[in-house]
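Engineer: A structural model of the following input is requested.
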Amino acid sequence: MATWAPRRSVYPRIFVRPLGVTELGFYWDSKFNGTADTLQHAVVESIDPADQVLFSVENITRTWRSLKQQFPLLGSFLEEPAGSRDPVSFVFAEDRLENCGPEEISFHSASSLSEAQEFADVVLNGVRLLSSNLLARVVIISRTDQISHVHVLIHVAHCITDGIANATLLRSFLDILSSSLTSTQWDIEERLALALPLDVLLPDIALSRARNRWHRAIGQTLSSIRLSKITGGHTLPRIFTRLTAYTPARSGLITLSFSPEESTRIIQNCRANGLTFGNAFPVLAQVALTRVLCRRYIRGDIDIEEWEYRKKEPMVTGGPLSLRSFLDPEWYDRGGSTNVSLAIGFFSLRLPFMPLGAVANIAPGDDLPNFQDLLSFPRFLLRSRSIRKQSASLTKHPLFLYISMSRSQASVDRLKDVATNWKDMEGQIAAPIPVTDQHPVLTHGGSSFGNVDNLLPRHYPLARECSPTPRLYLHTSGTKLHCRPAELYLGASTTRQQLHLNVFWDMNVYDEDTVKEWLHEVREATKVFLEGDAATIKKPQTRL
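Structural biologist: Sure, this is the predicted structure:
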């Protein structure tokens, strides 16, 4: 059972616990040149330019120390086993809370927004700055061209964080930073009791040991069956070789946005048709990808053999899913709902072959079909409702959590193999694998994060008794990921009444112009199917 155990009971106390299965997967990711590390990049403004205390070394240090007390995984380190059968463990040492090591906090300056962004890219794609002894760090970048603006980079290993935790971390950092009150004194053992793995937070963990083993066995069987059904598939044109899985990704990021007016209509039309944007998102991505492929086929970039293969293949998407609300209710209510720890599972959703509708016999030299030629609005609704049904079926299964954990367990051996052997592959050359031989292929990963404003207010401190007027204003914030090899991740979120689309991708595998083209098509598909008046039409349809 992966709970905290005391190694030293007098000051400075030391507590140890093994990593849970999902944490272990991200641990092996991190050993592969920092794969899956997260980087939050926030631009904040001191409302009073004369308020020089805010970003002083002393105030940043005070804030980071307070955060480590509130969220003890930030100050923990990983104890790696001497033998292959020993577990990797988190070690929390109380005396690490009292100071900040030289690598935990760093200060830099930039002469422009672009220079600060370039610095953030180096943090993510350069030599890894995190390690088993340093799971989180903060970087402060002052702007010499706008002295009231500061960039805050919070760099965290994925084995101790997820999307909800990242938002909590940034919000808490800015709140403490701008507060003049004495930092809260936290009970360390109570805080550690929130920093638990999924394995011990299952709602029915109190069942007998035999019943739990039975649930895990069934979950593993069902997970294996579901994974075995993921066959074939295809994605954007790419360069994929036998070495791709062992080549650290170079992460790219592009973001496109809708106006507040467009965003409002899109969300309203989703609701009018009984959908969330997350239900429609994979279908919009699919029809957009179909347009990208059609464009290449009609101009001769895709040969007939590859085209006929792609026409018949299903498309599979997948991504992370927050499990917090499904876990132990007592843990959730005590603070687990927003605690800085890892509490996600993974899902996969299946769509049928790419929609060609009225242009099933498209040929090289033809005109590029519009979206309605590829997919009628009633069929768009039907596919979106299929996604909704699959999602509900997944989360409502009585063994949903066991199935999710079994899926994580299945990936650990693969991730360990990559982390252990990737350096041996450096310098090797391999020929691209034809599209018809790459299977199974995940078309893309992704998720719709919802309204970020609910998680990240704009003004700080949050409590007015700390300061009668705000001291800090959050201009922008976003999370970047160190992609996995061949990753193509499509995300969506809403801030300030604007819907934003973003895509992370491995620049070693996907061409930037192709990814930009696809994201542009996703935005245009969203406008066609969800932004105009036609999106309120409701017609029965039975074929996908």
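Engineer: now the helices: where do they sit in the stretch 401-544 of the chain?
Structural biologist: 512-526 (DSSP state H, counting those that start in this stretch).
Engineer: Over to the stretch 1-150 of the chain?
Structural biologist: Under DSSP H, counting those that start in this stretch, the stretch 1-150 of the chain gives helices at 21-30, 57-70, 113-125.
Engineer: Also the stretch 201-350 of the chain?
Structural biologist: With DSSP H, counting those that start in this stretch, the ranges of helices along the stretch 201-350 of the chain come out as 209-228, 260-272, 277-298, 304-312, 329-331.
Engineer: how far is the last one from where the chain is centred?
Structural biologist: Helix 329-331 sits 24 Å away from the centroid of its parent chain (Cα atoms, centre = their mean, to the nearest Å).
Engineer: what do you get for stretch 165-179?
Structural biologist: With Cα atoms, centre = their mean, you get 19 Å for stretch 165-179.
Engineer: So what's the model's average confidence on it?
Structural biologist: In this model, stretch 165-179 has a mean pLDDT of 97.
Engineer: Repeat that for stretch 188-207.
Structural biologist: 89.
Engineer: Which positions in that stretch come out as buried?
Structural biologist: Within stretch 188-207, the residues that count as buried by 16 or more other Cβ atoms under 10 Å are R191, L192, A193, L194, A195, L196, P197, L198, D199, L201, L202. Where you see a C-beta, it was placed from the backbone N, CA and C, and this is true even at glycine.
Engineer: Among the residues you listed, which one lies nearest to L24?
Structural biologist: In terms of Cβ to Cβ, no member of the buried residues of stretch 188-207 lies closer to L24 than P197, at 8.9 Å.
Engineer: hmm, back to that, adding distance to V359 as columns, could you present the helices of the stretch 1-150 of the chain in CSV?
Structural biologist: Putting those into CSV (distance: least, Cβ to Cβ, whole Å) gives the following:
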stretch, distance to V359
helix 21-30, 41
helix 57-70, 55
helix 113-125, 40
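Engineer: Name the stretch among the ones you listed that sits most buried.
Structural biologist: Across the helices of the stretch 1-150 of the chain, averaging neighbours per residue (mean count of other Cβ atoms under 10 Å) puts helix 21-30 on top, at a mean of 24.
Engineer: just checking, what packs against that helix?
Structural biologist: Judged by 3 or more Cβ pairs under 8 Å, 6 or more residues apart in numbering; DSSP states H and E, helix 21-30 is in contact with helix 400-425.
Engineer: Give me the spatial nearest neighbour of the residue lying farthest from the centre of the chain, chain neighbours excluded.
Structural biologist: Outermost residue of the chain with respect to the C-alpha centroid, by Cα atoms, centre = their mean, is G365; its distance is 39.6 Å. Among residues not flanking G365 along the chain, I298 sits closest, at 6.2 Å (Cβ to Cβ, 6 or more residues apart in numbering).
Engineer: Count residues in the vicinity of that neighbour, would you?
Structural biologist: Neighbour count of I298, defined by other Cβ atoms under 10 Å: 19.
Engineer: Looking at it now. What's its pLDDT?
Structural biologist: Looking at I298, the pLDDT reads 98.
Engineer: give the contact list for it.
Structural biologist: I362, A363, P364, G365, D366, D367, L368 (Cβ atoms under 8 Å, 6 or more residues apart in numbering).
Engineer: would you say the second one is within a helix?
Structural biologist: No. Counting by DSSP: H, G, I helix; E, B strand; the rest coil, A363 is located in no helix; its state is coil.
Engineer: Apart from its neighbours in sequence, what residue is nearest it?
Structural biologist: A363's closest residue in space is I298 (Cβ to Cβ, 6+ apart), at 7.4 Å.
Engineer: in the lowest-mean-pLDDT helix or strand in the chain, what's buried?
Structural biologist: Among the helices and strands of the chain, helix 209-228 carries the lowest confidence by mean pLDDT, DSSP states H and E, at a mean of 84. For helix 209-228, the neighbour count (16+ other Cβ under 10 Å) marks H215, R216, G219, Q220, L222, S223 as buried.
Engineer: Could you check how far the nearest residue to the third one once chain neighbours are set aside is from A36?
Structural biologist: To tie it back to what came earlier, the one meant is G219. Distance criterion Cβ to Cβ, 6+ apart; nearest residue to G219, sequence neighbours excluded, is Y402 at 2.7 Å. According to Cβ to Cβ, to the nearest Å, Y402 and A36 sit 23 Å apart.
Engineer: Q69 now?
Structural biologist: Distance check for Q69 against A36: by Cβ to Cβ, it reads 26 Å.
Engineer: Run through the bridge partners of K480.
Structural biologist: As for beta bridges, K480 partners with L39 under DSSP bridges.
Engineer: OK, contacts around it?
Structural biologist: T38, L39, Q40, H41, A120, L124, S251, L253, F504.
Engineer: cool, R242 as well?
Structural biologist: A430, I433.
Engineer: mind listing the strands for the stretch 101-250 of the chain?
Structural biologist: 105-110, 136-143, 149-156 (DSSP state E, counting those that start in this stretch).
Engineer: sorry, back to before: just give me the closest of the contacts of I298 to S106.
Structural biologist: When the contacts of I298 are compared against S106 (criterion: Cβ to Cβ), the nearest one is L368, at 49.2 Å.
Engineer: Make sure that closest one is actually in contact with V292.
Structural biologist: No. Using Cβ atoms under 8 Å, L368 makes no contact with V292, being 10.3 Å away.
Engineer: Looking at these two, which one has more neighbours?
Structural biologist: Comparing L368 with V292 by other Cβ under 10 Å, the one with more neighbours is V292, at 18 against 13.
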